[in-house]
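A.B. asks: okay, here's the prediction I keep looking at, along with the sequence it came from:
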Amino acid sequence: MEVHEWILTIFVAVTAIAVVTQVVILLAVSKALVQLAHTLERIQNSFEQDVHPVLRAFHELVTTASGPTRKILTNLSETTDILRARAQTADALAAEVIERARAEIVRADQLITGTMEMIERATEAIERGVMVPVKEMTALIAGLRQGMAFFFGRRRPSSAREGAPVEEQLFI
């Protein structure tokens, strides 16, 4: 045999070994895939048995609750609209009350100011009308006393009283 035949035989043998190895590997992979498929099938069955009833119950719960939930949301929306309208009305009413209170306060202030001015004028008028004549009468009486005292020679005014005005002597 020649070298070429030996090389050809070796290549054929290596190729045969490679093909057999590939077949073995493919058989092992297919066996693993079959086992994986069985495991996945068991998991799927378990999932369907355990989770599907829960999902169905959840779906029924959501379906049953959706009607009342919509009604609650509608009522809440209507209540919010009513409260907003009432708040605006209350705000307008409060603004009007505050404005009226301000006007009344201004009127009361003007009334009090006018009354105080009238009291001051009345006090001044009383002072001019009553107190001035009283002072004049007091001065006249004091003058008459002094004149009479001088004329009849009675005692002279004391030295402590000489420096004080007549008006002060009468009001002590």
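C.D. replies: Cool, the structure landed.

A.B. asks: so which residue is smack in the middle of this structure?
C.D. replies: With distances taken as Cα atoms, centre = their mean, the residue of the chain nearest its centroid is A87 (14.8 Å).

A.B. asks: now that one: which helix or strand?
C.D. replies: Here A87 is covered by helix 3-126, with elements defined by DSSP states H and E.

A.B. asks: what helices and strands are in contact with the helix or strand just after that helix?
C.D. replies: Once the chain leaves helix 3-126, the next helix or strand it forms, by DSSP H and E, is helix 132-151. On a contact count with 3 or more Cβ pairs under 8 Å, 6 or more residues apart in numbering; DSSP states H and E, helix 132-151 meets helix 166-171. Where you see a C-beta, it was placed from the backbone N, CA and C, and this is true even at glycine.

A.B. asks: same question for the helix it packs on, mean pLDDT?
C.D. replies: When pLDDT is averaged over helix 166-171, the result is 58.

A.B. asks: just stretch 127-142 next, same as before
C.D. replies: Per-residue scores along stretch 127-142 average to 85.

A.B. asks: and it, how far out from the chain's middle?
C.D. replies: Computed by Cα atoms, centre = their mean, to the nearest Å, the separation of stretch 127-142 from the middle of its chain amounts to 68 Å.

A.B. asks: equivalent analysis for stretch 85-99, please.
C.D. replies: For stretch 85-99, the separation from the chain centroid amounts to 18 Å (computed by Cα atoms, centre = their mean).

A.B. asks: same deal with stretch 57-64?
C.D. replies: That offset, for stretch 57-64, works out to 40 Å (Cα atoms, centre = their mean).

A.B. asks: gap between the residue nearest to the centre of the chain and L93?
C.D. replies: To L93, A87 is 11 Å away according to Cβ to Cβ, to the nearest Å.

A.B. asks: same check on A13?
C.D. replies: Relative to L93, and taking Cβ to Cβ, A13 is found at 107 Å.

A.B. asks: low pLDDT regions in this protein?
C.D. replies: 1, 154-172 (pLDDT under 70).

A.B. asks: now for A139, how many residues are close by?
C.D. replies: 14 (other Cβ atoms under 10 Å).

A.B. asks: one more: the one 3 residues further on?
C.D. replies: Close neighbours of A142, defined as other Cβ under 10 Å, add up to 15.
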